[in-house]
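Chemist: Show me the folded form of this:
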Amino acid sequence: MERFLDFVLRQLIEFPDELVIIREDAPKKTIFRLQMRKSDIGKVVGKFGQTISAIRNLLDAAASKHGGRATVEIIEEDGRNAPA
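Modeler: Take a look at the predicted model:
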């Protein structure tokens, strides 16, 4: 799932080298937290949130095949560099 998410996001954003995906595993749930440039957030969210919604649906469908759940959250930077 993480490789799929990484591949899709790098195709959407302008600065793929600055993308950071943080994976947090909990019992039967995986949360992917995304850090990227503020200018790239709009490209990932899409018009009316349709792009991020589609990404979330695909990830959750893949996770449900393995008996779990998955979601994506975007972490907005507040002027600081994202950790590497």
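
Chemist: can you map out the strands along this protein?
Modeler: 20-26, 29-35, 69-75 (DSSP state E).

Chemist: and the ones you listed as CSV, adding mean pLDDT and mean neighbour count?
Modeler: (C-beta placed from N, C-alpha, C; glycine too.) Shown next, in CSV, are these (pLDDT from 0 to 100; neighbours: other CB atoms under 10 Å):
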stretch, mean pLDDT, mean neighbour count
strand 20-26, 93, 12
strand 29-35, 94, 17
strand 69-75, 93, 16
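
Chemist: Nearest to residue 61, out of these?
Modeler: Closest approach to residue 61 among the strands of the chain (CB to CB): strand 69-75, 8.9 Å.

Chemist: Adding distance to residue 53, write the strands of the chain out as TSV.
Modeler: Shown next, in TSV, are the strands of the chain (distance: least, CB to CB, whole Å):
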stretch	distance to residue 53
strand 20-26	18
strand 29-35	14
strand 69-75	10
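
Chemist: shaky segments in the protein?
Modeler: Residues of the chain meeting the criterion pLDDT under 70: 77-84.

Chemist: Out of the strands of the chain, which gets nearest to residue 42?
Modeler: Using CB to CB, the strands of the chain put strand 69-75 closest to residue 42, at 10.4 Å.

Chemist: Tell me which other helices or strands the top helix by length along the chain touches.
Modeler: Longest helix in the chain, counting residues (DSSP state H): helix 50-65. Contacts defined by 3 or more CB pairs under 8 Å, 6 or more residues apart in numbering; DSSP states H and E place helix 50-65 against helix 2-12, helix 38-45, strand 69-75.
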